[in-house]
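# Could you look at this predicted model? Sequence included:
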Amino acid sequence: MMNKRWTKWANTIWYKDFFIAAWLMPFSFLYMDVIRFRRWQYKTGRKAVTKVSVPVVVVGNLTVGGTGKTPLVIYLAKQLQAQGFKPGVISRGYGGEAETWPQRVTAESDVSKIGDEPVLIVKQAQCPVAVGPIRVDAANLLIKQAGCDVILSDDGLQHYALARDIEIIVIDGERRFGNNYCLPAGPLREPQERLFEADFIVCNGGEAEENEILMQLTGDYAINMQSGEKKALHEFSQLKCHALAGIGNPQRFFNHLAGYRITSKNHEFPDHYAYTEAEIRYQSADAILMTEKDAVKCQSFASNKHWYVPVQATLPEGFVAQLVGQLKAQ
């Protein structure tokens, strides 16, 4: 419960109440000094940077919380497979509590041990996935065991110990950078100047600026978590619905449902939240809708009222061509 209160408090300061954030600015200046010093250590060789034997594409963000990185990674994995590549995905495995690292991920992997997003990726992308706090080890595992010829790193923009060939920074097109301050006064992990070093900037929803590539997340149906039945979202508009989301920007999911005229009682949870059965019961509901990322954590105790809404990323055709061109040039 404290985690939920902290998330709500932080989001209020970072995205709404700029006055309180101003009082935290001295700590932000100190944080930026530490970040810049850390980067200087990697750039000058004082901290080791390891390059693996295949190209590495890092998909990350500047802000705390999700911006849509995982749907983009899934999209890229599918597109690269269609182009003849053998991509593998590596991840930190947020909240994972496995005893040994790195670990290969399967559709049946225990979410509590390796994290929610890796399981979602392996289900959707149908490509090798490995998790571990040391990303170099996870990458080498996929190269040796699965013969991967390109590595996609889900998050890890600030994990400079792994050399990268291409950087893609994902921005939440609705919330952007909040108050534009670094932690703790704002949501930024690194100053905005970091954007200039990226190869691609992808804007998830909203309006993309001139140097950004627009990504849209689409999904017009829900899947029942017990029976597997598919139902068009507009069919839920006449039902008494509850909706839950434990993602970086829960309001994005609720707005998506509202676009199909679904009136729901909405429940926000922190990103990567570990649900209990009691928290998602909602006895009065005819249907309970959630994201697919939440569904991988709730599958074991879901009822026939629970549905998840899968989404797919769509980007301009030229984006993949540019990415492939850069990969072949490595």
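Everything's here; your move. Predicted, not measured: the structure shown is a model, and the values here were computed from it.

# contacts and neighbour counts: CA atoms only from here.
Will do.

# domain parsing for the protein?
2-215+315-328, 220-310 (automatic domain parsing).

# As CSV, those domains with mean pLDDT and mean neighbour count would be great.
Listed next are those as CSV, based on pLDDT from 0 to 100; neighbours: other CA atoms under 10 Å:
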stretch, mean pLDDT, mean neighbour count
domain 2-215+315-328, 92, 18
domain 220-310, 95, 18
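
# all strands for the stretch 51-200 of the chain, in order.
56-60, 87-91, 103-104, 129-131, 150-154, 166-172, 200-204 (DSSP state E, counting those that start in this stretch).

# Which of the ones you listed sits closest to D17?
Nearest to D17 among these is strand 166-172 (18.8 Å), distances taken as CA to CA.

# got a list of contacts for that closest one?
56-62, 67-69, 157, 177, 195, 198-206, 326 (CA atoms under 8 Å, 6 or more residues apart in numbering).

# Direction included, what does it pair up with?
With DSSP bridges as the test, strand 166-172 is paired with strand 56-60 (parallel), strand 200-204 (parallel).

# List the contacts of the residue nearest to P270 when sequence neighbours are not counted.
Distance criterion CA to CA, 6 or more residues apart in numbering; nearest residue to P270, sequence neighbours excluded, is G246 at 5.1 Å. G246 makes contacts with 268-273, 294, as judged by CA under 8 Å, 6+ apart.

# quick one: which of the residues you listed is nearest K231?
D294 (18.4 Å).

# So that closest one sits against P250, correct?
No - the criterion here is CA atoms under 8 Å, and D294 misses it with P250 at 11.1 Å.

# is it true that L141 touches V131?
No - the pair L141 / V131 is not scored as a contact, 9.6 Å apart, by CA under 8 Å.

# can you list residues touching both of those two?
Taking CA under 8 Å, 6+ apart as the contact rule, the neighbours common to L141 and V131 are P102.

# Could you pull out the helices in the protein for me?
For the chain, the helices defined by DSSP state H cover 2-15, 18-23, 25-43, 69-82, 111-114, 116-125, 135-146, 250-258, 292-298, 317-328.

# Those into CSV, with extra columns for distance to L233?
Compiled in CSV, these are given as follows (distance: least, CA to CA, whole Å):
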stretch, distance to L233
helix 2-15, 28
helix 18-23, 37
helix 25-43, 43
helix 69-82, 20
helix 111-114, 27
helix 116-125, 20
helix 135-146, 38
helix 250-258, 8
helix 292-298, 14
helix 317-328, 27
